[in-house]
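*Asks:* Sharing a model that was predicted from the sequence below.
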Amino acid sequence: MIDNSKGYTVQSKVAVQFLGRFSPFKELGSTLIQDIVGDLEVEFYPKGAPIFGPHFTDVAHLHIIQKGSVRVFVRSEGDTFTLKSIGGEGETLGGSWLLANQKPDVTVEALEDTFCFLLPRDIFLKLASEQPSFDKFFRDEFQKDRISHAYSETRNERIRTIGLKRFDYFTIRVSDIIRPNFQVTNLNSTIQQVAETMTQFNIGSVLVKDNSEKIIGIVTKKDLRSKVVARGLNYKLPVERIMSAPIRTIPVEARLFEAALRMVRERINHLPATQGNEIVGIVTKHDIMVHQAISSIILLRDLKSAETPEAMNSLTRNTPGMIRSLMEEGAKASHCTNVITLLHDGIFSRALDLTARFPDLGPFRPSFILLGRAARMEQTFVPIYDYLVVYSNDKNSLATDRGEVCLENITARLNDFISSCFGDTLRFKISAANPRWRKPIDVWSSYIDEWTNNPIPPEMAIAKNFLDMRAVPREDEVSISLKSLLFERIAGSKNFMKGLVEEFLSVKPPVSFFRNAIVEADGTQTHRLDLENRLAEPFTDFARIMSFKYKVTETNTLTRLKSLAHAGAISEDLCSEALEAYEFQTQLILMNQLRSLAVNTVPSYVIDSTDLTELEKRTLKETFAVIGRFQVIVKEQFL
C-alpha cells in the first residue's frame, strides 16, 4: 500500500503494473520495480496547482504522472507564457534537474486534477548510478539511442502490417561477390602493357599505383575504347594519361545495392572494395547483374527499354516491395529515398527520350532541370516532378522560334506521359508545360531579379522551389550558368534572405503530444500531422538558408547539414541529432505511404497521431525540439 499524510492511497500491485508500462521503468524489470515501489509516495495536485517552478529552491522528488495531466510553460512579461509541453499518464517530471542538481527553469502546473507518484531524490540518484539505461533516459545522449530504438520498432512493428510482396535482393554484401585476384600496374607502365594484362587475366580493369606503392587510379576497358582507340592515342604512352583518378572505393561490408547505386550515380562499372584502408578486391556491374542482387538496377535497365507509360507503370509497381525489403534489412530512409529518386529519374529520362524529338535546330539546346524533392534526391511514393526548361540566348531567332514551338509540344507530351506512369499519386506544382517555366536564360535572369528585389510572400512560395535544382540527365553549360546566376543574386539580396528567414520562423512546430493528440504552440490539439510541411520542410528550409550563407553548394538536405557541421556553422552534436531525427521522420513517411499502397489507397504525407506508438511520439517530440533549436540559430544569425 502506498499512501501519504493526506490519506491518498494506491495498491502496491497497481503501482508495479503502472510503472511497468512506461520507460524508463519498464526497462528495469518487475523485480527492481517492486523494490522501489515501497519508497514511492503519492501526491494530489488540484487543477491549476503549481508542481514545479523557477521559484522552487529545491527538487526533492521525481514526479511520475499517475492520473491527470500537466502543462509545462515559460512565463514572460505581461503575464503571457510560451507553452513548452503537455504531459499525461506515465510522463516523468524533474529528472534532469535532479541529475544536474539544478532549480526548475520552467513552470509545471496541473492542467486538471492530477495524481503523481513521487520517487525520493536519493532513490532516484541511486537508480541512475546503478542502471545506465535509467540514467541515459534523463540525459541528452539518450536521444540518439531512442531514435535508433524507434527505427527498430518502426520496422519491426509496422512492417508486419504491410501486405506487400517483399524482394530478397538486399541481404548480399559486397564481400560476398568481390573478385579478390585483381591486378595492379605501375604508373609508368604503357597503355599497351595494361591492355595485355587485361587480356591475359580476362579482366575488365587494372589498378594503378604510384612510386610509393599507393593505389591512385584505375584503367578499364571502357577507358581503352573511349580514350585510346576512339582518339587514336599512341599505345606506348604511360597509363597515367588515361587512368581515372582519384580512385573511388566502397567498404566490403556495404550492401550490394549501395555499390549498385554508386555505379549508377557516378556512371562507372568498377568499384574497388576496401577493408580498412586496404583494397581487397573489385566489384563490377557485371557481377551485380549476374547475381541479380539489386532490383533497382534491373528496374533501371528495363525502364531504358520501356516504350509506353503502361510498361513503365507495370515496372514501378515493384518499387514498394523493393523498398519494404530495404527497410527490413535495416537500410536508412535516406538510402530508400535515393533508390526511389534514381528510379524516378530513370522514368523522367526515358520519357524525355520518347517525347523529346528535336529537329536539327543548330545551337538550340534546352536543359531540363528538376526542382524541390526531385532535385534533392528525396523522392517518396508521392512523386513530385517539378521542373523547368532553360536554353541559351541565340542570335539565330529562327532556330529559337522553332525550338520554342517544339518545347511546347514536348513538355505537354512529357507531362501526359509521366502522369500516365504514376496516376493519382503524381504531383506537379511547377511544370515547363506552363510557358512561364520554359524560357531563355535572360528571362530567367529577370525572374531571379524580380524575386530577389521584391520578395513578396506569394512569389516567395514559388521562388523557394527554385533554390534546389538538378539537371537531367546531366548538368550542362546552361544549367550550370543558371545555378551560378541564382547563387550570385541571392548572395547580394538581403531582402530575399530576409523573406526566407521570416517565412521559416513563422511556422511554429508542434510542442508535444497529449494522450493521442498533437499539441500546437497555442495549446490547440489535433490528430492529423502533416509530416511533409510540419517536419520535413523545416529541416530542408534550415539547411537551405544556412547553406546560402556559408556557400554550401550541395542540394540534398542531409549532405547540406553535414557540410554545415564541417564548416563550423552548426555544432557536431546538433548535426548528429538533426540527421537522426530527419532519418526517423523520413522512415515514418515511407512506412505510412507503404501502408496506404498495401490497401490500394493513395499515399500521402499525413499521419493520424492515434496510429503512433508511445516511442514514436516521444521521438517526434524531440524532433519538434530540434526544429526549435534551428529557429533559435536562424534568429541569432539573421535577425
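*Replies:* Structure's in. What do you need? Residues are numbered from 1 along each chain as shown.
*Asks:* Check the burial of Arg267 by counting its neighbours.
*Replies:* Neighbour count for Arg267, taken as other C-beta atoms under 10 Å: 8. Yep, even glycine has a C-beta here, placed from its N, CA and C like the rest.
*Asks:* ok, which stretches of the stretch 151-300 of the chain are strands?
*Replies:* Under the criterion DSSP state E, counting those that start in this stretch, the stretch 151-300 of the chain carries strands at the ranges 184-186, 205-209, 215-220, 250-251, 270-275, 278-284.
*Asks:* Go ahead and confirm Ile418 touches Phe348.
*Replies:* Yes. Here Ile418 reaches Phe348: they are 6.9 Å apart, a contact under C-beta atoms under 8 Å.
*Asks:* Between the strands of the stretch 151-300 of the chain, which one is closest to Leu99.
*Replies:* With C-beta to C-beta, the closest approach to Leu99 among these belongs to strand 250-251: 38.3 Å.
*Asks:* Below-threshold pLDDT in the protein: ranges please.
*Replies:* 1-10, 76-80, 140-171, 289-301, 329, 357-364, 394-400 (pLDDT under 70).
*Asks:* In a helix, Val108, correct?
*Replies:* No. Val108: not assigned to a helix; according to DSSP: H, G, I helix; E, B strand; the rest coil it is strand.
*Asks:* list the contacts for it?
*Replies:* The neighbours of Val108, taking C-beta atoms under 8 Å, 6 or more residues apart in numbering as the test, are Pro50, Ile51, Phe52, Gly53, Val70, Arg71, Val72, Leu93.
*Asks:* What is the neighbour count of the last one?
*Replies:* In this case it means Leu93. Leu93 has 21 nearby residues by other C-beta under 10 Å.
*Asks:* Give me the common contacts of Ile418 and Phe348.
*Replies:* Tyr385.
*Asks:* Three-state assignment for Lys304, please.
*Replies:* Per three-state DSSP, Lys304 ends up helix.
*Asks:* From Lys483, how far off is it?
*Replies:* Separation of Lys304 from Lys483 (C-beta to C-beta, to the nearest Å): 27 Å.
*Asks:* Give me the more crowded residue out of these two.
*Replies:* In this view Lys304 and Lys483 are compared by other C-beta under 10 Å, and Lys483 has more residues nearby, 18 against 11.
*Asks:* Skip the chain neighbours and tell me the closest residue to that one.
*Replies:* Nearest non-adjacent residue to Lys483, counting by C-beta to C-beta, 6 or more residues apart in numbering: Met469, 6.3 Å away.
*Asks:* now swap in His63 and tell me
*Replies:* Leu93 (4.1 Å).
*Asks:* Check Glu520 too.
*Replies:* Nearest to Glu520 is Pro510, by C-beta to C-beta, 6+ apart, at 5.6 Å.
*Asks:* Could you do Gln34 as well?
*Replies:* Val16 (5.6 Å).
*Asks:* can you tell me which residues contact the one you found?
*Replies:* Ser30, Ile33, Gln34, Val37.
*Asks:* Need the contact partners of the strand or helix carrying the third one.
*Replies:* When elements are assigned from DSSP states H and E, Gln34 belongs to helix 30-37. Here helix 30-37 makes contact (C-beta under 8 Å, 6+ apart) with Ile2, Ser12, Ala15, Val16, Leu19, Gly20, Phe25, Leu119, Ile123, Leu127, Gln131.
*Asks:* same thing but 7 Å
*Replies:* Ile2, Ser12, Ala15, Val16, Leu19, Gly20, Phe25, Leu119, Ile123 (C-beta atoms under 7 Å, 6 or more residues apart in numbering).
*Asks:* Just after that helix, pick out the following helix or strand.
*Replies:* strand 41-45.
*Asks:* In that next one, which residues are buried?
*Replies:* Glu41, Val42, Glu43, Phe44, Tyr45 (16 or more other C-beta atoms under 10 Å).
*Asks:* Hmm, the fourth one is touching Phe115, no?
*Replies:* To tie it back to what came earlier, the one meant is Phe44. Yes. If you go by C-beta atoms under 7 Å, Phe44 and Phe115 touch, sitting 5.5 Å apart.
*Asks:* Surely Ile410 forms part of a helix?
*Replies:* Yes. Ile410: assigned to a helix according to three-state DSSP.
*Asks:* For it, which non-adjacent residue is closest in space?
*Replies:* Ala356 (5.0 Å).
*Asks:* State the number of residues packed around that neighbour.
*Replies:* Ala356, neighbours per other C-beta under 10 Å, totals 16.
*Asks:* Surely it and Thr411 touch.
*Replies:* No. The pair Ala356 / Thr411 is not scored as a contact, 9.1 Å apart, by C-beta under 7 Å.
*Asks:* who touches Glu27 in this structure?
*Replies:* Here Glu27 is in contact with Ser133 (C-beta under 7 Å, 6+ apart).
*Asks:* Run through the residues that contact Lys26.
*Replies:* Contacts of Lys26 (C-beta under 7 Å, 6+ apart): Gly20.
*Asks:* separation between it and Leu19?
*Replies:* Distance from Lys26 to Leu19, by C-beta to C-beta: 7 Å.
*Asks:* For Tyr235, see how far away the nearest residue to Asn211 once chain neighbours are set aside is.
*Replies:* Among residues not flanking Asn211 along the chain, Leu187 sits closest, at 6.9 Å (C-beta to C-beta, 6+ apart). Leu187 sits 17 Å away from Tyr235, taking C-beta to C-beta as the criterion.
*Asks:* and if you look at Leu111?
*Replies:* In terms of C-beta to C-beta, Leu111 sits 83 Å off from Tyr235.
*Asks:* higher neighbour count, these two?
*Replies:* Leu111 (19 against 13).
*Asks:* quick one: contacts for that one?
*Replies:* Leu111 neighbours (C-beta under 7 Å, 6+ apart): Ser69, Val70, Arg71, Ile86.
*Asks:* Quick check: the last one is in a strand.
*Replies:* Yes. Under three-state DSSP, Ile86 sits within a strand.
*Asks:* on that earlier part again, is it possible to get TSV of the buried residues of strand 41-45 that adds distance to Val519?
*Replies:* Below are the buried residues of strand 41-45 laid out as TSV (distance: C-beta to C-beta, whole Å):
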residue	distance to Val519
Glu41	29
Val42	26
Glu43	24
Phe44	24
Tyr45	19
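*Asks:* coming back round to it: report the contact partners of the residue nearest to Glu520.
*Replies:* Here Pro510 is in contact with Ile518, Val519, Glu520, Arg534, Phe624 (C-beta under 7 Å, 6+ apart).
*Asks:* Kindly recompute the last result at 8 Å.
*Replies:* Ile518, Val519, Glu520, Ala521, Leu529, Arg534, Phe624.
*Asks:* what does Pro251 give?
*Replies:* Val174, Ala273, Thr274, Gln275.
*Asks:* give me that answer again for 7 Å
*Replies:* Here Pro251 is in contact with Thr274 (C-beta under 7 Å, 6+ apart).
*Asks:* What segments of the stretch 401-550 of the chain are helices?
*Replies:* Ranges of helices within the stretch 401-550 of the chain are 441-453, 457-463, 477-491, 494-506, 537-549, based on DSSP state H, counting those that start in this stretch.
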